[in-house]
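S.K.: Predicted model, plus sequence, below.
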Amino acid sequence: MALAPVAVDLSTHLPANLPTHVGAFDILPVDPPLDALFPYGGPLRGSVVAVEGSASLMLAVAAAASTQGWWGAAVGFPALGLAAAAEVGVDLARFVVVPTPGEQWASAAAVLLDGLGFVAVQPPRGARATEARRLAARTRERRAVLLVTGAWPESVDLRMRLKASEWTGIGGGYGRLTDRRITVTVSGRGAASRERQVTTWLPRAH
Amino acid sequence: MVATRTLTVWCPDWPMVAAGVAPDVPAAAVAADVVTACTAAARAWGVRHGLRRREAQRRCPDLRLVEREETAEIHAFEPVVVALEVICPRVEVVRPGLCLFATKGPSRYFGGDGALAGVTLDAAAGPASGGPVRVGIADGRFASALAARANTVVPVGTSAAFLASYPVTVLDRPVLTDLLLRLGLPTLGDVAAVPSTKMTARFGLDGALVHRLCRGLDEVPVTARVLPPELTVEEHLDPPVETVEPLAFIAKSLADTLQAELAQRALVCTRVLVEVETEHGETRSRLWRYDQTFTAGAVAQRVRWQLTGWLTGPSAERPTAGITLLRITPDEVHRDVGRQLRLFGNATDATEADERAVMALTRLQGLIGFEAIRIGVMAGGRQVADSVQLVPWSEPTPPPYDGTPPWPGRLPAPSPSVVHPDLPPVQVVDAAGAPVRVSNRGIVLTVPHRILMGDHVVDIDQWAGPWLIDQRWWDSAEHRRTALFQMVSADGVAWLLAASGGRWVVEGMYD
């Protein structure tokens, strides 16, 4: 079953190097400048993406899809700042959280992958290899996107790690946090097999 | 007699009793970060229902927090209901801790209302887990509930006089109550004195209903009651089911069918009869009453309560086989007066993606429980943890709050991506290692240099603040002053810290 077609501006979402077998509907939309992190301008549907060290980055990656009507979920994030999520563009009416799923995190994620466009998981006590494989298979089959944080025993399609960040607007006793420039290392399979380092602004929250 | 003479059994602070907390221990139960029950000792400290958890902890620093355990509440209450069913077979359970029945038959049997109240009190006190029990009898359910608060029997025909001195806030309708107070109608007696046509003209159907309550009548006039049509819904289960969650899932779909049938006939239901039967012919039926009118979700929840109480209760009471039949009967129905359920949230923008998501989420609720799936609702408030509230996901979802009115003093975006619910304490020290202090006027007396979090030491590169939040300055008991700081550590992680009364806590992080 395919997700309902979502209006996508092809000119902004499809990078020039897109292979012929990948179309606009095969990608979870990601707005610039973060599209630069992905070989195809966004996570491929059916793929597993690890986002390490930054809930902000995870939310920013999910924001554009959420704005365009995709449903999403966060499983196992007891301290996720939903105000921050709303500020970067996540539609809270279509973003459910299961803060403390306990041992049932994998079953919960599996059910959510059935009906939602993207699911972020943070296994409470690490994932077992069988659970990770089963969720990856489910993701592929339902053409969803699985975002994982924390220890993940299986290899993933794309791995992003926040390496450094630099804040503007704040000084020694004055100003306030405004914008943030992040350096992210990206590695993975296929087109992403060569590790890259990308420095970009995180989209401004409003 | 216009109103049904009713006996109400009320076990105050039931969630706390069920959690095994003694009334003299300051403790509170929280759900979705809001206090939903507390002990008498906690109340003496100023803890109230509806307070944010953090506010409650500030008022009573020794407050013991317990999670609401619905299952435990049901288990503990089941023996009380069973004991009452000996007195009257038609006990209507409103929620764990509160049930009622019509006194007509039992009162004659036991020799009057006073004797019945005594018998009931004795019957309920034993199984009530040592918690207090109160019993009240009056004309009408509303007066009866208030009589239970006062532990009294209101003589026949005097409910209106009994109610007259109560403040309108007992109606539990904040918006209407506010208006009534400003109109100079502070007590139920004042409202009852207004002609009913004036109340209806000014406040509509809700006003008419409130007026009936204030006069000691039932919510719905007897003439509006209709005989329940043959709307029983049931499901035969083959193979038998032995666990609660699949049954709750089936109950939801039965309740959906029932609600659709009732809606077609313009009826609403205020009491349901839930019957279950096992493979060995054991049955358990129970009446459930709802304060307003039942929705499908509320019916399903009552079924879940009933099954939880039976299937996972004390082993001697448990059925010996799986459930083979689940039947829901609308026991008391009324004509629907001006209430229309929406089909889906906004009704306009439901897409195929929405429908698939709703299906998956409903299925997940059956798997891990209704309370486990949450959705964020913008709530307003000056501090980060207050700005979004997590509520159980349900369909249709409440409309998101759009952020107005402005909350002066709230930090502008970005908000922290990690908000620690338990506010971990830290120390902030200056270059000499002395704690950084903020003066009463909001001046930082020394330059923050390091954050100490247990053994973890973080050097501060940049910092800004303080932003002062002066909350509830009009109330000396609740007044507090908090200074917020943003600090960036050498590794690029930004922190949102709060200092109040010389103590520092982590409000959130920008990771």
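M.R.: Great, that's in hand. Numbers count the residues shown, from 1 in each chain, chains lettered A, B, ... in the order given.

S.K.: now the helix or strand hosting residue B:6: how far from the chain's centre is it?
M.R.: Using DSSP states H and E, residue B:6 sits within strand B:5-10. Relative to the centre of its chain, strand B:5-10 is centred 21 Å away, using Cα atoms, centre = their mean, to the nearest Å.

S.K.: Determine the set of other helices and strands touching the helix or strand following that strand.
M.R.: Using DSSP H and E, the helix or strand that follows strand B:5-10 in sequence is helix B:14-18. Applying 3 or more Cβ pairs under 8 Å, 6 or more residues apart in numbering or on different chains; DSSP states H and E, one finds that helix B:14-18 contacts strand B:27-31, strand B:34-38, helix B:70-87. Using the backbone N, CA and C atoms, a C-beta is placed for each residue, glycine as well.

S.K.: quick one: what helix or strand has whatever residue of the stretch 101-250 of chain B ends up closest to chain A in it?
M.R.: Here the stretch 101-250 of chain B gets closest to chain A at one residue, residue B:245, 11.1 Å apart by Cβ to the nearest Cβ. Secondary structure from DSSP H and E places residue B:245 in helix B:244-264.

S.K.: and if you look at residue A:107?
M.R.: Per DSSP H and E: helix A:105-115 holds residue A:107.

S.K.: Show me what that helix packs onto, helices and strands only.
M.R.: strand A:72-75, strand A:95-98, strand A:118-121, helix A:129-142, helix B:352-368.

S.K.: Just put those in TSV and tack on distance to residue B:267, mean neighbour count and mean pLDDT.
M.R.: Shown next, in TSV, are those (distance: least, Cβ to Cβ, whole Å; neighbours: other Cβ atoms under 10 Å in any protein chain shown; pLDDT from 0 to 100):
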stretch	distance to residue B:267	mean neighbour count	mean pLDDT
strand A:72-75	37	28	96
strand A:95-98	33	25	94
strand A:118-121	40	28	96
helix A:129-142	40	18	93
helix B:352-368	25	19	80
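
S.K.: In contact with the residue of the stretch 101-250 of chain B closest to chain A, which residues?
M.R.: Neighbour list for residue B:245: B:366-367, B:369 [criterion: Cβ atoms under 8 Å, 6 or more residues apart in numbering or on different chains].

S.K.: which residues sit in contact with residue B:456?
M.R.: No residues are in contact with residue B:456 under the rule Cβ under 8 Å, 6+ apart.

S.K.: If it is in a bridge, with which residues?
M.R.: With DSSP bridges as the criterion, residue B:456 is bridged to residue B:453.

S.K.: what's the spacing between it and chain A?
M.R.: 16 Å (Cβ to the nearest Cβ, to the nearest Å).

S.K.: now do residue B:360
M.R.: On the measure of Cβ to the nearest Cβ, residue B:360 and chain A end up 3 Å apart.

S.K.: Which parts of the stretch 251-400 of chain B are strands?
M.R.: For the stretch 251-400 of chain B, the strands defined by DSSP state E, counting those that start in this stretch cover B:267-278, B:283-289, B:323-335, B:374-378, B:388-392.

S.K.: so who does the residue lying closest to residue B:494 once chain neighbours are set aside touch?
M.R.: Counting by Cβ to Cβ, 6 or more residues apart in numbering or on different chains, residue B:494 lies nearest to residue B:510, which is 3.9 Å off, once chain neighbours are set aside. By Cβ under 8 Å, 6+ apart, the contact set of residue B:510 is A:56, A:84, A:177, A:180, B:414, B:416-418, B:493-496.

S.K.: For these, point out the one with the lowest pLDDT.
M.R.: Across these, the smallest pLDDT goes to residue B:414, namely 86.

S.K.: Just confirm that one contacts residue A:170, I think it does.
M.R.: No: Residue B:414 lies out of contact with residue A:170 (Cβ atoms under 8 Å); the separation is 11.5 Å.

S.K.: any common contacting residues for the two?
M.R.: Counting by Cβ under 8 Å, 6+ apart, the residues touching both residue B:414 and residue A:170 are A:177-178.

S.K.: So between these two, which is more surrounded?
M.R.: Neighbour count, other Cβ atoms under 10 Å in any protein chain shown: between residue B:414 and residue A:170, residue B:414 has more, with 25 against 20.

S.K.: Show me where the stretch 101-250 of chain B dips below the pLDDT cut-off.
M.R.: For the stretch 101-250 of chain B, the stretches flagged by pLDDT under 70 are B:220-229.

S.K.: Can you show me the helices along it?
M.R.: Taking DSSP state H, counting those that start in this stretch, the helices of the stretch 101-250 of chain B run over residues B:104-110, B:113-125, B:141-150, B:159-164, B:174-182, B:188-193, B:196-214, B:244-264.

S.K.: Can I get the fourth one in PDB? Just the C-alpha atoms.
M.R.: Once non-C-alpha atoms are left out, helix B:159-164 reads as follows in PDB (Å, rounded to 0.1, in the frame of the first residue of the first chain):
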ATOM      1  CA  SER B 159     -32.300  17.900  48.400                       C
ATOM      2  CA  ALA B 160     -32.800  21.500  47.000                       C
ATOM      3  CA  ALA B 161     -32.400  22.900  50.500                       C
ATOM      4  CA  PHE B 162     -29.400  20.700  51.200                       C
ATOM      5  CA  LEU B 163     -27.800  21.900  47.900                       C
ATOM      6  CA  ALA B 164     -28.600  25.600  48.400                       C
END
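
S.K.: No further queries at this time; thank you.
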